[in-house]
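Asks: I'll drop the sequence and a predicted model, then ask my questions.
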Amino acid sequence: MVPFQPDDIDIAIIESLIKDGRKSFRQISREIKISTPTVQARYERLVNVGLIKSVSPIIDLGMLENKTEKRLENIKAKSTKKHNLKITKDMILKMTCDLCKGPISDKPHVLKIANFERFFCCTSCRTLYKEKYKGRIESLSD
Ligand SMILES: [Zn+2]
């Protein structure tokens with residue numbers, strides 16, 4: 001590899017690019033008062049020796065964030081709509097009996113066991129459940 005020693009021109013180009021990597025060769029040339037072809041040749045040499053890895057496009061992160069925020073807002077709006085389902089007493093209609101697993105179409109028949117509540121479609125289900133789990137219910141109640 002050819003040893004590389006940057007001179008004043010190289011350093012001027014590098015310093016100019018550090019300030020703004022999007023500068024054109026013409027802009028650099030005007031800034032450091034070196035001809036555009038020289039700037040271009042020096043620039044290419046700097047890239048070849050690996051001193052300039054790449055001039056990445058500068059992404060306006062502010063813009064990206066704004067777009068993401070907007071998208072998030074949209075998602076939020078959508079999910080809020082979904083979650084805006086009114087919770088009413090009608091929800092009880094979707095309950096199933098804890099014994100027969102049938103739907104509870106009317107008011108559920110509730111069996112309170114300690115901190116738990118069991119719901120049944122009818123009194124007989126509740127009674128049957130009570131009998132079936134007598135032991136457990138008693139132990140829970142204690
Ligand atoms: Zn039932």
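Replies: Ah, there it is.

Asks: from here on, contacts and neighbour counts on C-alpha atoms
Replies: Will do.

Asks: select the helix or strand of this structure having the lowest average pLDDT value.
Replies: Sorted by mean pLDDT, DSSP states H and E, the helices and strands of the chain end with helix 61-83, the least confident at a mean of 51.

Asks: which element follows that helix toward the C-terminus?
Replies: Later in the chain than helix 61-83, the nearest helix or strand by DSSP states H and E is strand 109-113.

Asks: so what sits opposite Phe116 in the bridge?
Replies: Ile113 (DSSP bridges).

Asks: from the ion, how far out is the closest residue to Ile32 other than its chain neighbours?
Replies: Among residues not flanking Ile32 along the chain, Ala12 sits closest, at 6.6 Å (Cα to Cα, 6 or more residues apart in numbering). Per Cα to the ion, to the nearest Å, Ala12 is found 86 Å from the ion.

Asks: buried stuff in the strand or helix carrying Ala12?
Replies: Per DSSP H and E: Ala12 is located in helix 8-19. Under the neighbour-count criterion of 16 or more other Cα atoms under 10 Å, helix 8-19 has 9-10, 12-14, 16-17 buried.
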